[in-house]
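S.K.: Give me the fold of what follows.
(2 chains)
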Amino acid sequence: MTVRTRFAPSPTGYMHIGGMRTALFNWLWAKQNGGQFILRIDDTDVERNRNEALGPILDAFRWLGLDWDEGPEVGGDYGPYYQSERRSLHDVALKRLLDSKAAYYDFEPPEETRAQRELAEKEKRNYISSRVSLDLTADEVQQKLANGDAHVVRFLVPRDRTVSITDHVRGHVEWNCGLMVDPVVARADGSPLYNFATTVDDGQLKISHVIRAEEHLSNTPVQVLIHEALGNDLPEFAHIPFVAAPGGKKKLSKRDIAKYRNSPAFRKLFQLGDEVLTALGIDAADEALSPVMVAYYREVGFLPAGVLNSLSRLGWSLDDETENMSLDTVKDNFGLNRVVKAAAGLDPDKLMSFQAHWMGERSIDEKVEGCLPFLKKAGLIPDEVDAEIHQVVKAAVELSADRLRVFGDIVLMPEFFVTADQLAYSEKDFQKRIVASADAVNLLRELRTVLDGAAEFKADILHDAVNDFVQQKELKFGQIGPALRIATTGKTKGADLFPTLEFLGKEETLARIDRTISLAEAAQVA
RNA sequence: GGCCCCAUCGUCUAGUUAGGCCUAGGACACUGGAUUUUCAUUCCAGUAACGGGGGUUCAAAUCCCCCUGGGGUCACCA
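M.R.: Just a heads-up that it's a prediction; the model follows:
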């Protein structure tokens, strides 16, 4: 049997990270079994511009390197792959259901249906369809149809049986059809509804494995029944756990983004986004760029390997110890039988840890390539990168070392790229360690002389010179180090100090100290 | 509320199918220490879990039942 899996997103304008995990598992299963992974666009109910809304979704797949064998742009033998273009196919299937009496026209007013439903809930009773329209004679039905009476088409659930499946992750699951509502399969104008269109399409696209999030489990009996009525071979099912919000068990949802902002577990990612995106001149409040969406990770400068590794381990494990895995490793070892049943909360800390691991695997040159676009976007380097600028970036990347966890981190280190007059100081630290410190300014003046007099402007020589000075004055390094660091980089932490000074060069270093002294004096006077 | 799903450290998980190798393993986070004249890294160590109650058995995290708790879903959305 050829394994064919599919992911069927609606063109919404963004790609949800949880949806991405579902897509990944589908891709993994297809690839591992030498089958096909299909992208089908469920755009039946969308009025927005298709390309505009689909773009971000395809971008997410491309960014992560998850290719699709059939679907938009690549076509395939089972198209069209846009559900809206399959309407004639749905019409034929609908007619077959109606002709075989597997579905019926329901003229019951929607208010009436809703009232019955509410009454049932109030009485703590299961609701099933009234089926009053089934009492109509064929002529009466034709008459109402001719009159243009409002109606829907419902699937006639066989109430005397059960539906059971053997789910790849949940095992045996069974439903009593006597408890099921007759689902609406089409509106009065014949336009199909989700459960119906999906079933028709899955059958026609010869999908072998429906791998989807657990929240679809309750749709399964309806789809199985429709498949049977249509005479389709039944696909196999795998209902994987949904991705939960960090620190919780509830489904990660776009609707709760505002709430996540303040959640302790999620805060770090939002903060990183705020800092990096703002430095890039991008609106960090845009929900399409929140950590719930794949686009966030690309824009902030994550590696596909980091995101993929994290997503793979969400609800799946290779064994009892392997954590760092490339996509190839996951692909070779993936199995539906090792998918966990319980919902898994996204863990931002662990995600960052995977990301740092894979960034550490990158060569300096690869890191430079990754940083360049970010530096350009932030206006820290010109768009035209000549050899000299390339060299500067390379040196900065080497200095930043493992402080560069995501490419976006580089734009948070402007001290490597701006000149003395543009350097921004951390206000609080500047105040505390320089303005409010009794002799910080005097020491900086003396340090300036020491640095100026160094035989060579090299890290180790500067280091020795400053050490000598510290000993001579009977000070501790801690009494001048922080001030020197702030004066030259604007902040209290960062890359190794003396190599940084060497990187900046004598002229720039002294200029920064001069500016610090004058700013401090001005502040003290005021 | 009906239907369905789920339940091991704070988190992600291994172990459950074939009960003993489990004084429950790993990773992330956290805490302490070493290295680092900041921060980060690296290294070492530590804290930390089988939701509860009944069974079955020589033996239960593992099998059965009940309870509790958590979650999903109940549209002429997808």
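S.K.: quick one: contacts of the longest helix that chain A contains?
M.R.: What stands out as the longest helix in chain A, according to DSSP state H, is helix A:506-525. Applying Cβ atoms under 8 Å, 6 or more residues apart in numbering, the contact partners of helix A:506-525 are A:419-421, A:423, A:425, A:430-431, A:434-435, A:440-441, A:444-445, A:447-448, A:451-452, A:457, A:484, A:486-488, A:501, A:504. Where you see a C-beta, it was placed from the backbone N, CA and C, and this is true even at glycine.
S.K.: Do a quick rundown of the helices in the stretch 101-250 of chain A.
M.R.: Assigned helices in the stretch 101-250 of chain A, in chain order: A:110-122, A:138-147, A:194-204, A:220-230 (criterion: DSSP state H, counting those that start in this stretch).
S.K.: The ones you listed: which one's closest to residue A:131?
M.R.: Of all the helices of the stretch 101-250 of chain A, the one in closest proximity to residue A:131, counting by Cβ to Cβ, is helix A:110-122 (11.0 Å).
S.K.: quick check, that closest one touching RNA strand B?
M.R.: Yes: contact of helix A:110-122 with RNA strand B (Cβ under 7 Å from any atom of the strand) involves A:110, A:113, A:117, A:121.
S.K.: so residue A:67, which of the three states?
M.R.: coil (DSSP: H, G, I helix; E, B strand; the rest coil).
S.K.: For burial, what's the neighbour tally of it?
M.R.: 13 (other Cβ atoms under 10 Å).
S.K.: And it, what's its pLDDT?
M.R.: Looking at residue A:67, its pLDDT is 98.
S.K.: Return the residues in contact with it.
M.R.: A:37, A:61.
S.K.: can you give me the strands in chain A?
M.R.: Ranges of strands in chain A, per DSSP state E, are A:4-7, A:36-39, A:103-106, A:152-155, A:162-167, A:171-176, A:184-186, A:209-213, A:236-240, A:243-244, A:344-345.
S.K.: residues making contact with the last one?
M.R.: Read that as strand A:344-345. Contacts for strand A:344-345 (Cβ under 8 Å, 6+ apart): A:241, A:243, A:244, A:245, A:246, A:247, A:248, A:249, A:265, A:314, A:315.
S.K.: of the contacts of helix A:506-525, buried ones?
M.R.: With neighbours counted by 16 or more other Cβ atoms under 10 Å, the contacts of helix A:506-525 contain buried members at A:420, A:423, A:425, A:430, A:434-435, A:440-441, A:444, A:447-448, A:451, A:457, A:484, A:486-488, A:501, A:504.
S.K.: from the residues you listed, which ones fall inside helices?
M.R.: Using DSSP H, these in helices are A:430, A:440-441, A:444, A:447-448, A:451, A:484, A:486-488, A:501, A:504.
S.K.: mind checking how far the closest residue to residue A:401 other than its chain neighbours is from residue A:399?
M.R.: Among residues not flanking residue A:401 along the chain, residue A:495 sits closest, at 7.0 Å (Cβ to Cβ, 6 or more residues apart in numbering). Distance of residue A:495 to residue A:399, given as Cβ to Cβ, to the nearest Å: 4 Å.
S.K.: Could you check how many residues crowd around residue A:24?
M.R.: 25.
S.K.: hmm, I was thinking of residue A:340
M.R.: 13.
S.K.: thinking again about what came up before, if I read this right, the residue nearest to residue A:401 contacts residue A:402, doesn't it?
M.R.: No: applying Cβ atoms under 8 Å as the test, residue A:495 and residue A:402 come out as separate, 10.6 Å apart.
S.K.: Those two: which has the busier surroundings?
M.R.: It is residue A:495, of residue A:495 and residue A:402, that has more neighbours when counted by other Cβ under 10 Å, with 19 against 8.
S.K.: Contact partners for that one?
M.R.: Going by Cβ under 8 Å, 6+ apart, residue A:495 touches A:399, A:400, A:401, A:403, A:413.
S.K.: and the first one, what does it touch?
M.R.: So that's residue A:399. A:416, A:495, A:496, A:499, A:500, A:503.
S.K.: The fourth one too?
M.R.: Contacts for residue A:403 (Cβ under 8 Å, 6+ apart) come out as A:409, A:413, A:494, A:495.
S.K.: Next, work out how far apart it and residue A:255 are.
M.R.: Counting by Cβ to Cβ, the gap from residue A:403 to residue A:255 is 35 Å.
S.K.: what's around residue A:286, how many residues?
M.R.: 15.
S.K.: Repeat that for residue A:478.
M.R.: 8.
S.K.: Look at the closest residue to residue A:453 other than its chain neighbours and report its pLDDT.
M.R.: Distance criterion Cβ to Cβ, 6+ apart; nearest residue to residue A:453, sequence neighbours excluded, is residue A:465 at 7.5 Å. For residue A:465, the pLDDT comes out at 93.
S.K.: Test my guess that residue A:465 contacts residue A:450.
M.R.: Yes: counting by Cβ under 8 Å, residue A:450 is a contact partner of residue A:465 at 5.3 Å.
S.K.: The two: which has the busier surroundings?
M.R.: Between residue A:465 and residue A:450, counting by other Cβ under 10 Å, residue A:465 is the more crowded of the two (19 against 15).
S.K.: residues contacting the more buried one?
M.R.: A:450, A:451, A:453, A:454.
S.K.: quick one: the residue nearest to residue A:453 and RNA strand B, what's the gap?
M.R.: Between residue A:465 and RNA strand B the computed distance is 10 Å (Cβ to the nearest atom of the strand, to the nearest Å).
S.K.: tell me the contacts of the most centrally placed residue in chain A?
M.R.: Nearest to the mean C-alpha position of chain A, by Cα atoms, centre = their mean, lies residue A:294 at 2.6 Å. Neighbour list for residue A:294: A:14, A:15, A:16, A:17, A:20, A:60, A:63, A:64, A:307 [criterion: Cβ under 8 Å, 6+ apart].
S.K.: ok, now residue A:365?
M.R.: So residue A:365 contacts residue A:394 (Cβ under 8 Å, 6+ apart).
S.K.: most neighbours per residue, which of the helices of the stretch 101-250 of chain A?
M.R.: Mean neighbour counts were taken over the helices of the stretch 101-250 of chain A using mean count of other Cβ atoms under 10 Å, and the top value, a mean of 23, falls to helix A:194-204.
S.K.: thinking again about what came up before, closest to residue A:82 out of the helices of the stretch 101-250 of chain A?
M.R.: Closest approach to residue A:82 among the helices of the stretch 101-250 of chain A is made by helix A:194-204 (10.5 Å; Cβ to Cβ).
S.K.: now do the same end-to-end measure for stretch A:486-498.
M.R.: 13 Å (Cα to Cα, to the nearest Å).
S.K.: sorry, that was for stretch A:331-347
M.R.: OK, stretch A:331-347 end separation, Cα to Cα: 22 Å.
S.K.: cool, stretch A:340-348 as well?
M.R.: 19 Å.
S.K.: Let me know whether it sits next to RNA strand B.
M.R.: Yes: for stretch A:340-348 and RNA strand B, the contact criterion (Cβ under 7 Å from any atom of the strand) is met by A:340, A:341, A:342, A:343, A:344, A:345, A:347.
S.K.: Quick check on the residues you listed: which are buried?
M.R.: A:343, A:344, A:345, A:347.
S.K.: any chance of those in TSV, plus pLDDT?
M.R.: As requested, these are exported to TSV (pLDDT from 0 to 100):
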residue	pLDDT
A:343	93
A:344	93
A:345	95
A:347	96
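S.K.: Can I get the residues you listed in a markdown table including distance to residue A:187?
M.R.: What follows is those, written out as a markdown table (distance: Cβ to Cβ, whole Å):
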| residue | distance to residue A:187 |
| --- | --- |
| A:343 | 33 |
| A:344 | 37 |
| A:345 | 38 |
| A:347 | 42 |
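S.K.: circling back: restrict the contacts of strand A:344-345 to those that also contact RNA strand B, please.
M.R.: A:241, A:244, A:247, A:248, A:249, A:314, A:315.
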